[in-house]
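1. Return atomic coordinates for the entry below.
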Amino acid sequence: ASSESNSDDDDDLSRFEWKPLWARLQKCGWTWCRAGKYNNLHSYYYIRPFRTVTEGTLGVHYFLSSQDVIRYEMKQDGVTRDDSSSGMLSSSSCASSTSKAAAVVKRKKRRVTMSPPQAK
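-> Model (predicted):
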């Protein structure tokens, strides 16, 4: 029975892997931008729906790295560091984003989006 429990935990944490997590978050309205426009010390910012870098708070409304986004999503889902034995986790499905954000994204005109570099 304990092996089933561990397997379920692993499957649960797999939703925090970066590539599928980012795809889900983008569908919920998350965006990214080159940070050089605001701060030359960083490469990219990952931004929550309805937020901007200029009007937001680092670590709350926008993030410096994919790992920061993953930690934020894990916290929103109530997953603690003790729950995650591996360093690279997968994503949650818009748990911290509102359904309103998803609706707004659907209403926006389609535009070509670039993907930020993959996390290493």
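2. Check for me that W32 belongs to a helix.
-> No. According to DSSP: H, G, I helix; E, B strand; the rest coil, W32 belongs to no helix; its state is strand.
3. Please name the bridge partners of it.
-> Under DSSP bridges, the beta-bridge partners of W32 are Y46.
4. Going forward, the N-terminal residue is numbered 14.
-> Fine by me, first position is 14 from now on; the one you just mentioned is W45.
5. number of nearby residues for it?
-> Neighbours of W45 under the rule other C-beta atoms under 10 Å: 22. Yep, even glycine has a C-beta here, placed from its N, CA and C like the rest.
6. Just to check, it is in contact with R61?
-> No. Using C-beta atoms under 8 Å, W45 is not in contact with R61, being 10.9 Å away.
7. For the protein, which segments count as strands?
-> Counting by DSSP state E, the segments of the chain that form strands are 29-30, 44-47, 57-60, 75-76, 103.
8. Now the weakest link among those strands, please, by mean pLDDT.
-> Across the strands of the chain, strand 103 has the smallest mean pLDDT, namely a mean of 34.
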